[in-house]
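1. here you go, sequence then predicted model.
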Amino acid sequence: MIELNKKLINIFIVNVLVLMIYSANAQQIPLQSHYFFQEHIINPAYTGSRTYNPIYLGYRNQWSDFPGSPETFTLGVHYLREKNHGIGGGFFRDNLGGAYSQTGAQFNYAHHVQIEDKASFSLGLGTIFNQFSGDYSNLDPNDPAVQIGNESKLATDLSLGAHFSSKGLKLGLSVNNLMESSISDYGVVPADNRLNRQFHLMGSYKVDFDSSFALEPMFLVRTIGSTPTQLDATILAHIKQIVSLGLTYRTGDALAFITGIEYKNLLLFYSYDMTTSSAQSYTGQTHELTLGTRIIGKIPQMSSDKDFDGVADDDDSCPLEAGPKKNNGCPYPDSDGDGISDNDDKCPQLKGESKLAGCPDRDKDGIADLMDECPDIPGSAKNGGCPKISQLHILDNKGRTVTIVNELENGEYSVNGISHKYKYYFLLETNKKEVPDSIYITIVNQDGEHRSQARLGESGYYELVKQAVKDEKQDEKQEVIEIELKEEEKKVLKEAFGALEFETSKAIIKETSYPSLLELVKLMDANSSYRLYLVGHTDNVGNPMNNLMLSKKRADAVRHFLVQFGIDDKRFIVSFEGESSPIESNDTKEGRQKNRRVEMTIIK
């Protein structure tokens with residue numbers, strides 16, 4: 001009984017092999033779900049038509065659960081030479097199931113003609129070499145259905161094709177085995193066995209929805225002698241020019257699921273074919289892999305996307321460098337040279353650190369300067385980049401910070417290197433719940449130590465009880481003379497003032513304010529004689545000292561922003577008035593919002 005079953009299985013295998021050899025002789029071009037990678041083998045007019053020079057290596061294992069299942073190995077390459085001339089070819093080996101194999105090679109030439117800015121027409125010719133082999137040594141010699149011995153025959157033929165391409169649309173028509181060359185029989189097929197003439201109609205159309213998503217429907221129609229016409233209908237989705245997902249329906253045969261990944265010039269695709277014909281119970285699984293590379297050629301390509309970034313060359317400002325569609329096909333620059341492209345750099349004009357999204361951090365406290373209320377003094381994120389200890393700001397009569405000192409352990413403050421004879425303004429920055437009414441300040445200089453008490457005034461400043469008379473050597477406050485601006489300059493200043501917003505209760509400028517401030521940078525940069533007078537204001541919520549400090553820090557934040565982008569620090573006069581100069585009533589929310597401001601005036 002077992003022996004009978006073996007014979008039945010052998011007969012079944014032989015019959016299937018016979019059917020396959022008929023099919024192979026009808027096909028003679030290996031069946032592939034990844035036909036879109038070997039398009040130049042199907043149609044020689046595609047040779048050199050891509051925007052790159054591809055090399056593809058493919059492997060297909062058909063009906064893997066079936067003993068002696070067919071395997072196909074393919075290698076294809078083509079490139080453009082001197083713009084109009086495409087050269088390429090391919091090699092394949094098709095193990096048709098145990099005893100039978102087909103080895104083939106093809107050499108192509110295509111001539112391309114540009115007929116419009118974004119369209120081309122091509123004609124191609126291919127020479128085909130097919131080596132058909134039969135090795136029957138592993139089959140049962142007592143089986144009358146099996147030929148005994150080995151046989152091999154080389155058949156040479158031609159293929160012709162035409163190809164049209166325009167704005168993402170590709171259409172091609174080709175005929176293979178034009179001469180229908182004869183091959184020997186293997187004892188199981190008619191003696192007049194010949195290569196059958198094959199006709200192919202192939203097309204695709206890529207639709208880019210944006211730089212991160214595209215759909216590419218495509219099809220291949222095969223007509224071979226008297227066999228039924230077969231259609232492969234494929235849809236591929238390309239995601240971020242990296243991942244591809246797709247589906248192919250092959251009439252009367254299979255449904256193929258496709259996935260692929262592309263990185264730089266390399267790609268790897270895999271497909272799984274699910275048989276839909278009546279043979280699905282016997283055939284098992286079919287797998288296919290394609291590994292490829294795409295090399296940018298030195299010669300301008302016929303197709304309109306040389307850097308294959310999804311942007312046609314005519315619309316691509318950088319046709320030899322891949323870049324996103326949003327940036328007109330160009331890679332984003334790195335203006336500050338910090339290794340972070342401008343689209344990912346929150347401070348594209350300032351050399352910074354990658355961990356801070358390209359922004360600088362002068363005090364190395366892990367908080368970007370533009371988000372740091374104390375950019376020169378290390379602090380904590382919870383405290384806006386400032387230290388938790390109390391600090392005393394010493395200001396000159398122009399409102400400029402001369403120095404900042406920390407509170408000592410005894411609760412007093414010591415200031416080195418300033419004159420005890422000059423009049424200074426003392427502003428306390430503290431997180432203490434109760435603000436002291438008075439503090440002790442010791443000024444240390446070449447004349448010795450000078451300890452004085454300072455009382456908190458209504459203005460929010462601490463004033464020395466024995467305030468020094470203003471020394472004649474100290475600078476007088478500079479007169480502020482406003483410049484008459486042009487209308488477009490007034491607009492820039494007005495938009496910078498109107499768009500300026502800070503984080504709540506902080507001196508951190510919101511990112512939404514950056515564009516208008518950068519326009520102000522351009523205005524100041526284009527007019528080197530212009531200076532900027534900045535005055536900080538707050539509403540009356542909170543105590544006067546804290547409001548004075550906040551108004552100072554916000555005016556300084558605007559100055560720091562402009563300085564970081566190249567405007568000389570000497571071109572600024574900074575003042576601050578806290579809650580003392582409202583322009584609206586503080587009794588309403590709207591009024592308080594208008595009172596929280598940094599006034600900007602361009603002066604001589």
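-> Done, it's in.

2. could you use CA atoms for every contact and neighbour count after this?
-> Noted.

3. tell me the phi and psi of the residue sitting nearest the centre point of the chain?
-> Centroid check for the chain by Cα atoms, centre = their mean gives Pro324 as the closest residue, at 6.6 Å. Here the main-chain torsion angles of Pro324 (degrees, to the nearest 10) amount to phi -70, psi 160.

4. what is the neighbour count of the residue nearest to it when sequence neighbours are not counted?
-> Distance criterion Cα to Cα, 6 or more residues apart in numbering; nearest residue to Pro324, sequence neighbours excluded, is Ser211 at 5.6 Å. By other Cα atoms under 10 Å, the residues close to Ser211 number 19.

5. my guess is the residue nearest to the centre of the chain meets Asp208, correct?
-> No: counting by Cα atoms under 8 Å, Asp208 is not a contact partner of Pro324; they are 11.6 Å apart.

6. from Asp315, how far out is the residue nearest to the centre of the chain?
-> 12 Å (Cα to Cα, to the nearest Å).

7. pretty sure Gln453 is touching Ile443, no?
-> No: using Cα under 8 Å, Gln453 is not in contact with Ile443; the gap is 11.2 Å.

8. right, and the helix or strand after the helix or strand where Leu247 lies?
-> Leu247 belongs to strand 243-250 when assigned by DSSP states H and E. Later in the chain than strand 243-250, the nearest helix or strand by DSSP H and E is strand 254-263.

9. and the angle from the next helix or strand after that following strand to strand 243-250?
-> Next along the chain after strand 254-263, taking DSSP H and E as the criterion, comes strand 266-275. Orientation note: strand 266-275 sits at an angle of 30 degrees relative to strand 243-250 (axes from the mean of the first three to the mean of the last three Cα atoms, to 10 degrees).

10. pLDDT weak spots in the stretch 51-200 of the chain?
-> 65-68, 97-99, 116-118, 135-150, 184-192 (pLDDT under 70).

11. which parts of it are strands?
-> Secondary structure of the stretch 51-200 of the chain (DSSP state E, counting those that start in this stretch): strands located at 53-61, 71-81, 85-95, 100-116, 119-135, 150-166, 169-176, 198-205.

12. and what of the stretch 251-400 of the chain?
-> Listed in chain order, the strands of the stretch 251-400 of the chain (DSSP E, counting those that start in this stretch) span residues 254-263, 266-275, 286-295, 391-395.

13. neighbouring strands for the shortest one, and are they parallel or not?
-> Using DSSP bridges, the strands paired with strand 391-395 are strand 401-406 (antiparallel), strand 425-429 (antiparallel).

14. same thing with the third one?
-> Strand partners for strand 286-295, identified by DSSP bridges, are recorded as strand 53-61 (antiparallel), strand 266-275 (antiparallel).

15. pull the residues that contact that strand.
-> Contact with strand 286-295 is made by 32-34, 52-64, 265-274, as judged by Cα atoms under 8 Å, 6 or more residues apart in numbering.

16. may I see the buried residues of that strand?
-> Residues of strand 286-295 classed as buried by neighbour count (16 or more other Cα atoms under 10 Å): Thr286, His287, Glu288, Leu289, Thr290, Leu291, Gly292, Thr293, Arg294.

17. show me what the last one bridges to in the sheet.
-> On DSSP bridges, the residues paired with Arg294 through beta bridges are Pro54.

18. likewise the third one?
-> The bridge-partner assignment for Glu288, based on DSSP bridges, gives Arg60, Ser271.

19. show the pLDDT at it.
-> Glu288 carries a pLDDT value of 95.

20. and it, how far from Gly498?
-> Per Cα to Cα, Glu288 is found 61 Å from Gly498.

21. the fourth one now?
-> Between Leu289 and Gly498 the computed distance is 59 Å (Cα to Cα).

22. neighbours of Ser380, just the number please.
-> Residues lying near Ser380 (other Cα under 10 Å) number 15.

23. mind listing what it touches?
-> By Cα under 8 Å, 6+ apart, Ser380 lies in contact with Asp365, Cys386, Pro387, Lys388.

24. what's the answer for Ser575, then?
-> Ser575 makes contact with Lys398, Gly399, Arg400, Tyr533, Leu534, Val535, Gly536, Lys552, Ala555 under the criterion Cα under 8 Å, 6+ apart.

25. helix or strand: which one has it?
-> Assigned by DSSP H and E, Ser575 belongs to strand 572-576.

26. from the middle of its chain, how far away would that strand be?
-> Put simply, strand 572-576 sits 42 Å off its chain's centre (Cα atoms, centre = their mean, to the nearest Å).

27. pLDDT (mean, whole number) over that strand?
-> On average, strand 572-576 scores 88.

28. got it, and stretch 458-467?
-> For stretch 458-467, mean pLDDT rounds to 76.

29. just the C-alpha atoms of that stretch, please, in PDB.
-> Taking Å, rounded to 0.1, in the frame of the first residue of the first chain, the C-alpha atoms of stretch 458-467 are listed here in PDB:
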ATOM      1  CA  GLU A 458       7.900 102.400  47.600                       C
ATOM      2  CA  SER A 459       9.600 102.200  44.100                       C
ATOM      3  CA  GLY A 460      10.700  98.600  44.900                       C
ATOM      4  CA  TYR A 461      14.400  99.500  45.200                       C
ATOM      5  CA  TYR A 462      16.400  99.200  48.300                       C
ATOM      6  CA  GLU A 463      18.100 102.600  49.100                       C
ATOM      7  CA  LEU A 464      21.000 103.100  51.400                       C
ATOM      8  CA  VAL A 465      20.100 104.900  54.600                       C
ATOM      9  CA  LYS A 466      23.200 107.100  54.100                       C
ATOM     10  CA  GLN A 467      22.800 107.400  50.400                       C
END
